[in-house]
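*Asks:* sharing a sequence plus its predicted fold:
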Amino acid sequence: MEKEARVIALYLPQYHPIPENDKWWGKGFTEWTNVGKAKALFRGHYQPRIPADLGYYDLRVSETRKAQADMAKEYGIEGFCYWHYWFGNGKRLIERPFNEVLNSGEPDFPFCLAWANETWKGFDHGLKNRNILIEQLYPGIQDYEAHFYEVLPALKDKRYITVNGKPLFMIYKPLASEEIKVFMETWKRLAAENDLSGIYFVGHHNDLRNNLEEILATGVDAVNTTRLNNYIINHRSIFEKILSRIKRIFLGNAAAYAIAYKMMSKYFLVPEEDKLHNVFPSIIPGWDHTPRSGREGLVMTNSTPDLFEKHVKEALDLVRDKEYENKIIFIKSWNEWAEGNYMEPDLKWGHKYLEVLKKQIEK
């Protein structure tokens, strides 16, 4: 049955310990470490956030991965887009959950990959410093070839999500380096040599200092727009900007930056761009970075299922006239708990966000 859209949820695999995280943050660190220590920083601040049905899971457990997939499928989500980490010279991180999904054949639920080609810095992940933890490198064609062959078994898996027969592969920062173009050309050549119909490259667009034309000029097939900060960057009044600066001057980091979801969500979508056949918009259930960054974090306050449903409706309207293969909407995200950015049930809302999503995409 064709749905109103092909909804694909971004999926974070950082819910199991690895040696690097033990070194950087302490023994046993996972994303739950930040989630569990989060505190309310102002009146009405929804923290801590506590998972309901799935609990504080460990993604090394196959039953957990199956439960996630079963839940996503039940509520109309087509598949997961797993964040994939390849830092160059063969260096990978937090790859175990996806590797086990791939090698075991379970869960039998569609997937694709998004290359998170970004240098990791301490502040972004919960440390007070901004030191580089691990740098993203682009060592050259030999490395891009090794990367391709590492991923090839996934690209050939029957569960892999395609667009017009081509495996969908997202690049988080398509403008990070001129080498991205070389990387894509290398993969296109190797795809032809390995009996694939090609690669359908999607450039992620969340840096509003760039524009669609710049990203498309890299040679990607499509762009995924994620305008989390569109209101802050482009649509605040002069008064709001001045007030924000005054608060920063006099309060410093004494208060988190809080803006109503109702206001920010008005600017998540841009119709003249998101209607284009090669643009895939994102729907965003909420945001709260304070579990990682404390009072320096951005908080979208008062997100509700009703407001999210309105946002979903608007996104569906924009993809309605596209061919079905291109009616793709990404959910940011399935399980970014330390960013307050998740669809999984919590103790406050239960399944309500999932219910309104299903209501709209399975009409």
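*Replies:* Cool, the structure landed. Numbering: from 1, shown residues only.
*Asks:* isn't Ala315 up against Pro271?
*Replies:* No - contact criterion CB atoms under 8 Å: Ala315 and Pro271 do not qualify, at 10.2 Å. No exception for glycine: its C-beta is placed from N, CA and C like everyone else's.
*Asks:* more neighbours: which of these two?
*Replies:* Neighbour count, other CB atoms under 10 Å: between Ala315 and Pro271, Ala315 has more, with 26 against 11.
*Asks:* what residues does the more buried one make contact with?
*Replies:* Residues in contact with Ala315 (CB atoms under 8 Å, 6 or more residues apart in numbering) are Ala5, Leu269, Asp274, Pro281, Ile283, Ile329.
*Asks:* phi and psi next, for it.
*Replies:* Dihedral pair for Ala315: phi -70, psi -40, per degrees, to the nearest 10.
*Asks:* looks to me like Lys188 is in a strand.
*Replies:* No - going by DSSP: H, G, I helix; E, B strand; the rest coil, the assignment for Lys188 is helix, not a strand.
*Asks:* tell me the contacts of it?
*Replies:* So Lys188 contacts Gly198, Ile199 (CB under 8 Å, 6+ apart).
*Asks:* now it: how far from Leu196?
*Replies:* 9 Å (CB to CB, to the nearest Å).
*Asks:* mutual contacts of those two, please.
*Replies:* Contacts common to Lys188 and Leu196, judged by CB under 8 Å, 6+ apart, are absent.
*Asks:* compute the first-to-last residue distance for stretch 220-234.
*Replies:* Taking CA to CA, to the nearest Å, the first and last residues of stretch 220-234 lie 26 Å apart.
*Asks:* for that stretch, buried residues please.
*Replies:* Neighbour-count burial for stretch 220-234 flags Val220, Asp221, Ala222, Val223, Asn224, Thr225, Thr226, Arg227, Leu228, Asn230, Tyr231, Ile232 (criterion: 16 or more other CB atoms under 10 Å).
*Asks:* likewise for stretch 31-46?
*Replies:* Using 16+ other CB under 10 Å as the test for burial, stretch 31-46 gives Glu31, Trp32, Thr33, Asn34, Val35, Ala38, Leu41, Tyr46.
*Asks:* distance to Asp306 and secondary structure added to those residues, as JSON lines?
*Replies:* Below are the buried residues of stretch 31-46 laid out as JSON lines (distance: CB to CB, whole Å; DSSP: H, G, I helix; E, B strand; the rest coil):
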{"residue": "Glu31", "distance to Asp306": "28", "secondary structure": "helix"}
{"residue": "Trp32", "distance to Asp306": "29", "secondary structure": "helix"}
{"residue": "Thr33", "distance to Asp306": "32", "secondary structure": "helix"}
{"residue": "Asn34", "distance to Asp306": "28", "secondary structure": "helix"}
{"residue": "Val35", "distance to Asp306": "25", "secondary structure": "helix"}
{"residue": "Ala38", "distance to Asp306": "24", "secondary structure": "coil"}
{"residue": "Leu41", "distance to Asp306": "25", "secondary structure": "coil"}
{"residue": "Tyr46", "distance to Asp306": "16", "secondary structure": "coil"}
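*Asks:* nearest to Asp321 among the residues you listed?
*Replies:* Of all the buried residues of stretch 31-46, Tyr46 has the smallest distance to Asp321: 36.8 Å, by CB to CB.
*Asks:* find the nearest non-adjacent residue to the closest one, please.
*Replies:* Closest residue in space to Tyr46, ignoring its immediate chain neighbours: Lys348 at 6.9 Å, by CB to CB, 6 or more residues apart in numbering.
*Asks:* wait, isn't Ile361 in contact with Ile8?
*Replies:* No - the criterion here is CB under 8 Å, and Ile361 misses it with Ile8 at 11.6 Å.
*Asks:* more crowded one of the two?
*Replies:* Ile8 (27 against 21).
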